[in-house]
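Visitor: turn this into a structure:
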Amino acid sequence: MLNPHQLRLLRELSRRGTIAAVAKALAYSPSAVSQQLSLLERTTGTALFAREGRRIALTPTGARLVAHAEVILAHLEAAEAELSAHRGPKAPLRAGFSPSAARALAAPVFAALRTSHPGLALWVREIDPADAGHAVRSGGLDVALVHTYEGFAHPPEPGLATEHLFSEPMLFAAPVDTVGPGTTGDPVRDHAAAPWILPAEDTLCHAVVTRLGASSGVRAESWHRVDDYDTTLRLVAAGAGVAVVPASAATAPPPGVRLTPLPLARHSHLATRAGATEHPSARAFAGALREVREDAGGT
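Guide: Next up, the predicted model:
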């Protein structure tokens with residue numbers, strides 16, 4: 001009989017490519033992961049994976065088993081959610097936020113849940129949005145706040161379910177003593193010669209900003225690499241360059257910063273494991289997030 005735990009390990013192997021990466025993600029020893037996957041092969045009586053240099057690739061049979069595993073694990077999550085509906089939200093709820101979202105939302109969401117669901121303990125973890133989906137799927141987090149951007153393709157991630165929570169405009173931040181908006185009607189083009197304060201490379205935020213610049217015929221580049229929006233805005237105020245920030249990160253910008261709306265929106269979503277969307281803890285978390293955003297005048 002197939003073991004759900006072993007199926008979860010195989011699924012993670014299909015995503016991460018090495019035993020060591022699976023072990024690190026799930027907090028097991030590499031030897032324990034290897035033993036369980038070998039046992040799964042013996043149980044199925046067929047080869048599920050093969051080494052390709054330092055990485056491990058799934059065989060066609062292994063890939064088909066992963067597809068079945070996605071369905072099986074989603075059904076197990078749905079069964080747990082249905083059973084939990086009779087118990088209500090359970091503690092703890094491990095929630096992932098990007099650093100900027102944590103700064104704006106974590107404390108008020110914690111307070112809202114303490115009032116509405118006093119038995120639900122929220123554990124907050126700051127995490128890079130690029131890693132949030134992996135952490136939820138592998139069980140390191142129960143829920144996470146993740147972001148997408150209008151105009152960017154975001155293919156669904158196997159093993160995850162997402163629910164739209166709210167949207168916000170992106171803003172162009174520039175020092176007040178530079179050329180003002182309205183020269184061309186495009187603040188990016190108006191500041192074509194300015195240096196940029198960019199998010200770290202190999203992140204979705206970096207790709208969004210550089211593509212935004214390219215759409216205006218501007219090459220967004222600089223030595224500045226900053227992921228904290230408060231630091232970004234202080235650098236803009238000091239004249240270090242221009243930047244793109246979400247509206248929620250610029251509610252109280254430092255003096256010396258001009259903010260101009262861009263034709264670009266960031267959409268925030270609740271990410272859960274597939275099948276777990278209706279878990280009462282996830283519903284409580286989503287409700288608290290919406291309540292906090294409404295109180296702050298967001299959409």
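
Visitor: hey, which helix is longest across this structure?
Guide: helix 60-84 (DSSP state H).

Visitor: so after that one, what's the next helix or strand?
Guide: Using DSSP states H and E, the helix or strand that follows helix 60-84 in sequence is strand 93-97.

Visitor: leaving out sequence neighbours, find the closest residue to Arg54.
Guide: Excluding its sequence neighbours, the residue lying closest to Arg54 (C-beta to C-beta, 6 or more residues apart in numbering) is Thr18, at 6.7 Å. Just so you know, the C-beta spots here come from the backbone N, C-alpha and C atoms, and that holds for glycine as well.

Visitor: before we move on, what about His134?
Guide: His134's closest residue in space is Ala25 (C-beta to C-beta, 6+ apart), at 6.5 Å.

Visitor: you'd agree His269 is in a helix?
Guide: No. Counting by DSSP: H, G, I helix; E, B strand; the rest coil, His269 is located in no helix; its state is strand.

Visitor: for it, give the beta-bridge partners.
Guide: Bridge pairing for His269 (DSSP bridges) gives the partners Val146, His164.

Visitor: pLDDT value on the residue of the chain most remote from its centre, please?
Guide: In the chain, counting by C-alpha atoms, centre = their mean, Gly45 sits farthest out from the average C-alpha position, at 37.4 Å. What the model reports as pLDDT for Gly45 is 90.

Visitor: what about it, distance to Val218?
Guide: 59 Å (C-beta to C-beta, to the nearest Å).

Visitor: what are the phi and psi values for the residue farthest from the centre of the chain?
Guide: In terms of degrees, to the nearest 10, the main-chain angles of Gly45 are phi 70, psi 30.

Visitor: likewise the one 10 residues further on?
Guide: Geometry field for Arg55 lists phi and psi as phi -100, psi 170, criterion degrees, to the nearest 10.

Visitor: tell me how many other residues crowd the residue nearest to it when sequence neighbours are not counted.
Guide: Leaving out its chain neighbours, the residue that sits closest to Arg55 by C-beta to C-beta, 6+ apart is Gly17, at 4.4 Å. Neighbourhood size, Gly17 [other C-beta atoms under 10 Å]: 16.
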